[in-house]
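Student: what follows is a protein structure lacking sequence information:
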């Protein structure tokens, strides 16, 4: 979702936020993918590229393929509102999942990453709410 911002908006605050999200999440995704590969686990959720039905998301707040398509086709103002509301939902899902995982993880590295995800994404949600209030 964050990569779409570069071609869908000129809002400097939103562009800065999208870059921040990409910079934070890319290494997190790479780390978690490495852990999954090392454990012989799949790195892509089943049906990740199809439109999910209710309750079929790989993570709370995950965006469906159809919603991502609507986002990529939206006009600038509509894109900004859709992006921010979807990303807030997505971040809240990641926070919820990270809190659940952090409570029972045994790996110190995994616990540290879960805490970082929680902290970073809570701060980003606060920023998204501010930007959303400015454009609404």
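Tutor: Received, thanks. As the structure is a computational prediction, the values presented were derived from the model and not from experiment.
Student: rest of the way, CA atoms for contacts and neighbours
Tutor: Will do.
Student: and the worst-scoring helix or strand of the chain on mean pLDDT, what does it pack onto?
Tutor: Sorting the helices and strands of the chain by mean pLDDT, DSSP states H and E puts helix 65-73 at the bottom, at a mean of 91. When contacts are defined as 3 or more Cα pairs under 8 Å, 6 or more residues apart in numbering; DSSP states H and E, helix 65-73 packs onto helix 76-102.
Student: can you list the weak-confidence ranges in this structure?
Tutor: Applying pLDDT under 70 to the chain picks out residues 45-59.
Student: switch to 50 and redo it
Tutor: Scanning the chain for pLDDT under 50 picks out 48-57.
Student: now the helices for it?
Tutor: Assigned by DSSP state H, the chain shows helices spanning 5-8, 12-38, 65-73, 76-102, 108-135.
Student: which of these sits closest to residue 44?
Tutor: With Cα to Cα as the criterion, residue 44 lies closest to helix 12-38 of these, at 8.9 Å.
Student: picking that back up, buried deepest among the helices of the chain, which one?
Tutor: helix 76-102 (a mean of 19; mean count of other Cα atoms under 10 Å).
Student: could you check the angle that helix makes with helix 108-135?
Tutor: With axes from the mean of the first three to the mean of the last three Cα atoms, to 10 degrees defining the directions, helix 76-102 sits at 150 degrees from helix 108-135.
Student: what helices or strands is helix 76-102 leaning on?
Tutor: helix 65-73, helix 108-135.
Student: between the ones you listed, which one is closest to residue 13.
Tutor: Ranked by Cα to Cα, the member of those that lies closest to residue 13 is helix 108-135, at 7.1 Å.
Student: possible to save the helices of the chain as TSV with distance to residue 44?
Tutor: Output for the helices of the chain, formatted as TSV (distance: least, Cα to Cα, whole Å):
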stretch	distance to residue 44
helix 5-8	23
helix 12-38	9
helix 65-73	14
helix 76-102	16
helix 108-135	19
